[in-house]
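Participant: got a sequence here, can you model it:
(2 chains)
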Amino acid sequence: GAGVSQSPSNKVTEKGKDVELRCDPISGHTALYWYRQSLGQGLEFLIYFQGNSAPDKSGLPSDRFSAERTGGSVSTLTIQRTQQEDSAVYLCASSLRGGTYEQYFGPGTRLTVT
Amino acid sequence: KNEVEQSPQNLTAQEGEFITINCSYSVGISALHWLQQHPGGGIVSLFMLSSGKKKHGRLIATINIQEKHSSLHITASHPRDSAVYICAVRSIRGSTGNQFYFGTGTSLTVIP
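Facilitator: Alright, predicted model coming up:
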């Protein structure tokens, strides 16, 4: 079946512009995660959605970052007024349920802020 | 100090060798994940553990909750095992228990 998909695969933007990154989770998965992987650094948790519950935003690095999940399916991560330090690969993952269910990762969106 | 420490950072092995990658963590956890990331590729979840041991093909993962330590073993290593292996823990801290911490990864190269 179809896995987690993300778009775009690559995004180059100028400093100060806003960007939107999209994630389509596996159908039927109620939990969705966003992560960031910066060059030379490890993975970093950003935000977690579980069903209709309020999202856990504890990993978002600043108020320039926001995410929403419409209809319990597709999610959009928005970065406002991008900075060069926002350059990273942004990964989305979904799992059947929250908690200790296996996560399936998308291919990521490589964001470059010039 | 990182909440998750992996060792070694880099590992080169000859095909067929038995490989061990270690992960130590300092927080209380509800689950530990081992992830595999190939160069230029996506991330695949290999194991999710909350206790004991799991085996999948040539891969074995163990966890010792009391010692806050996990190991990933690869038996009869093959060049296609070359990848970065990442240890990740789901903390039980926080109001929702969703805080994730990641190790910096172990880069494995298996030489034919």
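Participant: same for the helix or strand of chain B with the lowest mean pLDDT, what does it pack against?
Facilitator: Least confident helix or strand of chain B, by mean pLDDT, DSSP states H and E, is strand B:100-102 with a mean of 89. In terms of contacts (3 or more Cβ pairs under 8 Å, 6 or more residues apart in numbering or on different chains; DSSP states H and E), strand B:100-102 is packed against strand A:43-50, strand B:83-91. Yep, even glycine has a C-beta here, placed from its N, CA and C like the rest.
Participant: can you lay out those as JSON lines showing distance to B:S70?
Facilitator: JSON lines is the format used below for the helices and strands packed on strand B:100-102 (distance: least, Cβ to Cβ, whole Å):
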{"stretch": "strand A:43-50", "distance to B:S70": "16"}
{"stretch": "strand B:83-91", "distance to B:S70": "6"}
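Participant: rewinding a little: just checking: what are the partner strands of the least confident helix or strand of chain B?
Facilitator: strand B:83-91 (antiparallel) (DSSP bridges).
Participant: low-scoring stretches of chain A, by residue?
Facilitator: In the predicted model of chain A, residues A:1 satisfy pLDDT under 70.
Participant: now do 80
Facilitator: Applying pLDDT under 80 to chain A flags residues A:1, A:40-41, A:72, A:98-101.
Participant: return the residues of it in contact with chain B.
Facilitator: A:33, A:35, A:41-45, A:48, A:56, A:58-59, A:91, A:93, A:98-108 (Cβ under 8 Å from any Cβ of the partner chain).
Participant: quick one on the thing from earlier: packing partners for the very next helix or strand once past the least confident helix or strand of chain B?
Facilitator: Next along the chain after strand B:100-102, taking DSSP states H and E as the criterion, comes strand B:106-111. On a contact count with 3+ Cβ pairs under 8 Å, 6+ apart, strand B:106-111 meets strand B:10-14, strand B:19-25, strand B:83-91.
Participant: thinking again about what came up before, which of the residues of chain A next to chain B are buried? Put it as a PyMOL command.
Facilitator: Buried residues among the residues of chain A next to chain B (16 or more other Cβ atoms under 10 Å in any protein chain shown), as a PyMOL selection:
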select buried, chain A and resi 33+35+42+43+44+45+48+56+59+91+93+98+103+104+105+106+107+108
